[in-house]
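Q: Could you look at this predicted model? Sequence included:
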Amino acid sequence: MKRKHLEKKKRGTVREKDWENLHETAFSRDLVKHRRALGKLSEQAVAAAQSALPQDFTPNATLISHAKKWAFVQMDETAAEGGGDLLCLIDERLREEEDSLLASGDRVYVEFEEGDAFIRGVGPRRTTLGRPAGAHDRIKRQILAANADLLLVVAAAANPPFRPGLVDRFLIAAEVGGGEPVLCLNKAELAEGEPEGLAIYRGLGVRVCVTSCKTGQGIEALRGILGGRFTVLSGHSGVGKSTLLNMLDPELTIHTQEVSTSLRGRHTTTLARLYELHGGIRVIDTPGIRTLGLWRVSAEEVAYYFPEMAAMATECHFRNCTHIHEPQCAVRTAVERGEIARGRYESYTRIRASLESETGTTPGRMRVQKG
Ligand SMILES: Nc1nc2c(ncn2[C@@H]2O[C@H](COP(=O)(O)OP(=O)(O)OP(=O)(O)O)[C@@H](O)[C@H]2O)c(=O)[nH]1
Ligand SMILES: [Mg+2]
Ligand SMILES: [Zn+2]
């Protein structure tokens, strides 16, 4: 990609309508070049060259979306190549360690060389939405998104049915990775009244937003919550994450679709991507997930992440009470009395059991499928 092309591309906005087609052509051209360059380098040469990577850099761009070898970034307004989005190659000397090398929302350092743009550094992450990587991955933790201040957990009132288990896991993930969790219950018009779970989350101090993309309910409230903030949307597939973003900005045309039974497990959104909407709303749309494995949380620690239980646990007869089978357990007594929501307690026992049986990887982590 020569400078000429770069300048042309710079004029595009993040919201470029034909982005999907645009990156296909730009990418294939780049990939051929990249492969050629890689072929010439031995592993040793790569290792030697690694020390030549800039050690001291100030990030000058934000990562919009990426694949293995390439990434779309938004250059900072103040950067030399100021503003606009840009297709970059990821410098192959950058190696991933424990965590994913790159995630949407990352602050990156882009360098230009002979008209090509390269990502040569990744800034520290303020917050992360992460989970244990699959057993066969080289990395240990998969970062779904980086640097977001808000973690919008989207669930549906129906179709798919509201399952608080994932919400409970998100609350823990937010505690571990930073960022304020907010719960959005979408497709409100499909159910009569709210699921009783919502009151529990409000009681825990979690902000809750009830929306419908069919009736427009709650969309303005959601706009108010997201305005001026940087948010990552996550949740089960088909709950309406992408549809909500399309509702918030009529100029967006993110592909959405009903999850049909024959295609169970297919995601409509297949790649996390950052969008900038009117009203200072910055959001990362992510592919739906089936479950959220917990990173660096042991079975013994789970109760700590359920504040209503942690508060009671000091009253248990045994100091190391698991709140599952011990006599004189204050937590179970509180559940019997209705002082702790039974649903939350059940979630606690399920999460605990899954952590005890897990090998530290996300169970049944779905591979992103093409198409
Ligand atoms: N009835 C109803 N349907 C909705 C609502 N919001 C979204 N949908 C529909 O739900 C389906 C799935 O929406 P998407 O936006 O693709 O869901 P998603 O969460 O982005 O799914 P993935 O990208 O697979 O993670 C689409 O057919 C939408 O039209 C709503 O408020 N009410
Ligand atoms: Mg989607
Ligand atoms: Zn107990």
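A: Cool, the structure landed. Ligands and ions are numbered 1, 2, ... in the order given.

Q: so who does R350 touch?
A: G165 (Cβ atoms under 8 Å, 6 or more residues apart in numbering). From N, CA and C alone the C-beta is placed, and that goes for glycine too.

Q: do L183 as well
A: Here L183 is in contact with 152-153, 155, 167, 198, 201, 206-209 (Cβ under 8 Å, 6+ apart).

Q: looking at this, Y348 is in a strand?
A: No. In this structure, Y348 is helix, not part of a strand, as judged by DSSP: H, G, I helix; E, B strand; the rest coil.

Q: residue contacts, it?
A: 168, 302-303, 306, 309, 323 are the contacts of Y348 under Cβ under 8 Å, 6+ apart.

Q: and ligand 3, which of those contact it?
A: Taking Cβ under 5 Å from the ion as the test, ligand 3 is in contact with H323 out of the contacts of Y348.

Q: on that earlier part again, between the contacts of L183, which sits nearest ligand 1?
A: A155 (9.9 Å; Cβ to the nearest ligand atom).

Q: Which strand residues bridge the closest one?
A: L185 (DSSP bridges).

Q: Distance-wise, check P160 relative to G121.
A: Counting by Cβ to Cβ, to the nearest Å, the separation of P160 from G121 is 40 Å.

Q: Tell me which of the two has more neighbours.
A: Each of P160 and G121 has its neighbours counted (other Cβ atoms under 10 Å); G121 has more, 20 against 16.

Q: On the pLDDT front, check the more buried one for me.
A: pLDDT for G121: 95.

Q: Repeat that for G177.
A: Taking G177 on its own, its pLDDT is 95.

Q: next one: D99
A: For D99, the predicted pLDDT is 95.

Q: List the residues that contact it.
A: Residues counted as contacts of D99 (Cβ under 8 Å, 6+ apart) are 128, 130, 139-143.

Q: Please report phi then psi for the closest residue to D106 other than its chain neighbours.
A: Spatial nearest neighbour of D106, chain neighbours left out: L63 (4.3 Å); criterion: Cβ to Cβ, 6 or more residues apart in numbering. Main-chain torsions, L63, degrees, to the nearest 10: phi -80, psi 120.

Q: Do I have it right that L63 meets L271?
A: No. Taking contacts as Cβ atoms under 8 Å, L63 lies outside contact range of L271: 11.9 Å.

Q: Compare these two and say which is more crowded by neighbours.
A: L63 (29 against 14).

Q: chain center to stretch 94-101: distance?
A: Taking Cα atoms, centre = their mean, to the nearest Å, one finds stretch 94-101 lying 17 Å from the centre of the chain it belongs to.
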